[in-house]
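Trainee: give the three-dimensional model of this entry:
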Amino acid sequence: MSGNKCLFNQVDWYSFQRKRKEGILREIQSIEGNRLLNMSVEDLCDYLEEKYRFDVAVLHKEHIEVANREEQIDVSQDPRRHIIDRGRPFYITGTCIEITVPKNFSNMLTAGVSCGITSLFFV
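Mentor: Model prediction:
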């Protein structure tokens with residue numbers, strides 16, 4: 001499975017949320033004083049909410065698909081295993097269970113979150 005299909009594979013939730021808050025604060029600070037005074041609180045809030053809203057994924061559980069297969073798994077970084085050279089891969093045969101959950105992400109792609117187009121994958 002390609003790493004770029006994983007949700008939050010490039011940034012953790014805390015960093016993503018912090019970055020969004022910082023963006024809102026920067027935007028508010030960049031608004032000219034007179035414009036800010038003449039703008040209603042409701043209009044400002046509506047604008048910021050629309051721009052920075054993050055919709056939660058809707059998972060379609062009724063269409064879950066499960067597949068399993070044998071796969072070579074790199075266990076070189078597993079601290080519970082006695083491996084002499086952890087600088088290179090050490091593969092063992094294991095079972096990979098892939099669960100595909102169809103989803104609808106709405107505006108998550110525009111929020112800077114990397115994810116697959118049609119499904120979440122748990123491997």
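
Trainee: which stretches in the chain count as helices?
Mentor: Along the chain, the segments classed as helices by DSSP state H run 13-30, 33-38, 41-52.

Trainee: mind giving me the packing neighbours of the longest strand seen in the chain?
Mentor: In the chain, assigned by DSSP state E, the strand with the most residues is strand 91-104. Secondary-structure packing of strand 91-104 (3 or more C-beta pairs under 8 Å, 6 or more residues apart in numbering; DSSP states H and E): strand 58-59, strand 65-74, strand 119-122. C-beta coordinates here come from the backbone N, C-alpha and C atoms, glycine included.

Trainee: sheet partners, orientation included, of that strand?
Mentor: In the sheet, strand 91-104 lines up against strand 58-59 (antiparallel), strand 65-74 (antiparallel), strand 119-122 (antiparallel) (DSSP bridges).

Trainee: most tightly packed of the ones you listed?
Mentor: strand 119-122 (a mean of 15; mean count of other C-beta atoms under 10 Å).

Trainee: report the mean per-residue pLDDT for that strand.
Mentor: The average of the pLDDT scores along strand 119-122 is 48.
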